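>>> Okay, predicted coordinates and the sequence, questions at the end:
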Amino acid sequence: NETKDADNIYNTVEVTLDDLKRAIRTTKPSTIQSVSVEVPRVPWSSIGGMEDVKSLLREAIELPLTHPQLFSALSVPPPRGVLLYG
């Protein structure tokens, strides 16, 4: 008898796309909630050698964050990312 009741409930439940969108906006996966990212503070001076590479990285990453007005003044968009390989 309980199985029949459960079957009837499952046959009458309807989930719409709006229901899913609302659920996604209001819930957060538990694995993401419990993750804590610790970013170490490492100065450029702690990274030995490769001065030319460090300079290029600073221009691509640090400069847009510390001096956005330079990009605005020149009407140039800042870099959107850096691809590291090797």
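Nice, I can see it.

>>> Quick check: next helix or strand after the helix or strand of the chain with the lowest mean pLDDT?
Every helix and strand of the chain was ranked by mean pLDDT, DSSP states H and E. The lowest is helix 30-33, at a mean of 62. As assigned by DSSP states H and E, the chain's next helix or strand after helix 30-33 is helix 51-57.

>>> can you pull the alpha-carbon coordinates of that next one into PDB?
Provided in PDB are the C-alpha atoms of helix 51-57 (Å, rounded to 0.1, in the frame of the first residue of the first chain):
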ATOM      1  CA  GLU A  51      63.700  38.900 -14.400                       C
ATOM      2  CA  ASP A  52      62.300  39.400 -17.900                       C
ATOM      3  CA  VAL A  53      59.600  36.800 -17.300                       C
ATOM      4  CA  LYS A  54      58.700  38.400 -13.900                       C
ATOM      5  CA  SER A  55      58.500  41.800 -15.600                       C
ATOM      6  CA  LEU A  56      56.100  40.600 -18.200                       C
ATOM      7  CA  LEU A  57      53.900  38.900 -15.600                       C
END
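
>>> so where's the chain shaky on pLDDT?
Within the chain, the segments meeting pLDDT under 70 span 1-7, 29-35.

>>> give me that answer again for 80
1-12, 28-37, 86 (pLDDT under 80).

>>> what helix or strand does residue 76 sit in?
Applying DSSP H and E, one finds residue 76 in no helix or strand.

>>> Can you get me a residue count around it?
With neighbours defined by other C-beta atoms under 10 Å, the count for residue 76 comes to 10. (Glycine included, C-beta is placed from N, CA and C.)

>>> Offset the numbering so it begins at 45, please.
Will do, 45 is the new start, and the previous item becomes residue 120.

>>> Phi and psi next, for it.
phi -120, psi 130 (degrees, to the nearest 10).
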